[in-house]
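K.L.:
requesting a structural model of the entry that follows:
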Amino acid sequence: MLSVYAHRGLHVKERENTIGAFAAAVALGVDGVELDVRRTSDAVLVVHHDPTIGKISISEALQRDLPAYVPTLDEAMAACEGVLVNVEIKNERGRHEPVYDDTGEFARQVVTQLLEIHWSERVIISSFDLATCAIVRSFDEEIRVGWLLRDGDIAGAMTQAHVLGFNAVNTHFKTLSADLMVLAHDLSLEVNTWTVNATRDIKRMLEFGVNGIITDEPALVRELVDRVSPE
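P.N.:
Numbers count the residues shown, from 1 in each chain. Predicted structure coming up:
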């Protein structure tokens, strides 16, 4: 069964990664929501995509100094009650990210917090960073883990994900093919694609039989899914 995830909430109507965007997505009837989690200097988990807000670097700021519209992870999850949530841990090496946690503490904190608020069975934790995904899996054997993939050797990454005990690969839709879907199924991996917005691309993903579509246009995806599989 395919799941439709609202990318950063229903941000075509509300500011992305906010309580309003998540509540609007739930009200629309999505299967899930995708959101991004970061950590402040005082170790508060907050939801925001970019590493900075204006001139404020989230990793160097206190949570109280962030704009009021930036929710904590707990607040965001409460707004997503009733649907699945793809929690992307923003921990990646690169010039676009000012800090990288190589201790594993950030990932462990995310898992611990989700366990404490009883969300562990309704989430999939994802990251572009392989080490972060591996830490999540080693810390909790049951929570679902999906490795985010942009490009490169997707077949090799699928094999690696299988060996490491991940549940899914979250691939960019342009990198996916029918042969890769066969490989994923052979490796018992789910495939969730991002960010699929155009009708032509959505239909192609449906033909491939992906498990999830992360999209900025959840209403359109739901309409096309329902045409293929009417209730």
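
K.L.:
ranges for the helices of this structure?
P.N.:
Remark: helices assigned in the chain by DSSP state H are 19-28, 73-79, 105-116, 130-139, 154-163, 178-186, 199-208, 218-228.

K.L.:
in the lowest-mean-pLDDT helix or strand in the chain, what's buried?
P.N.:
The helix or strand of the chain with the lowest confidence, counting by mean pLDDT, DSSP states H and E, is helix 218-228 at a mean of 93. The neighbour-count check on helix 218-228 (16 or more other CB atoms under 10 Å) flags Pro218, Ala219, Leu220, Val221, Arg222, Leu224, Val225 as buried. (Each C-beta comes from the backbone N, C-alpha and C, glycine too.)

K.L.:
just put those in a markdown table and tack on distance to Gly104.
P.N.:
Conversion of the buried residues of helix 218-228 to a markdown table gives the following (distance: CB to CB, whole Å):
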| residue | distance to Gly104 |
| --- | --- |
| Pro218 | 33 |
| Ala219 | 38 |
| Leu220 | 38 |
| Val221 | 35 |
| Arg222 | 37 |
| Leu224 | 40 |
| Val225 | 37 |
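
K.L.:
tell me the one of these nearest Gly156?
P.N.:
Closest approach to Gly156 among the buried residues of helix 218-228 (CB to CB): Val221, at 28.8 Å.

K.L.:
can you pull out the low-pLDDT segments for this protein?
P.N.:
The chain contains residues with pLDDT under 70 at 229-231.

K.L.:
pull the longest strand from this structure.
P.N.:
The longest strand of the chain (DSSP state E) is strand 32-39.

K.L.:
show me the residue at the heart of this structure, geometrically.
P.N.:
When CA atoms, centre = their mean is applied to the chain, the residue found nearest the centroid is Asn86 (3.7 Å).

K.L.:
direction included, what does the longest strand of the chain pair against?
P.N.:
According to DSSP bridges, strand 32-39 has the following sheet partners: strand 3-7 (parallel), strand 45-47 (antiparallel), strand 84-89 (parallel).

K.L.:
show residues contacting that strand.
P.N.:
Residues outside strand 32-39 that contact it (CB atoms under 8 Å, 6 or more residues apart in numbering): 3-9, 17, 22, 25-26, 45-49, 51, 58-59, 73, 76, 80, 83-90, 101, 106, 109-110, 194, 212, 214.

K.L.:
run the chain-centre distance for it.
P.N.:
Centroid displacement of strand 32-39 relative to its chain, using CA atoms, centre = their mean, to the nearest Å, is 6 Å.

K.L.:
the inter-axis angle of it versus helix 19-28?
P.N.:
Computed by axes from the mean of the first three to the mean of the last three CA atoms, to 10 degrees, the angle separating strand 32-39 from helix 19-28 equals 160 degrees.

K.L.:
what's the angle between strand 32-39 and helix 105-116?
P.N.:
Angle, strand 32-39 to helix 105-116, by the same axes, to 10 degrees: 130 degrees.

K.L.:
now the angle from strand 32-39 to helix 218-228?
P.N.:
Counting by the same axes, to 10 degrees, strand 32-39 lies at 140 degrees to helix 218-228.
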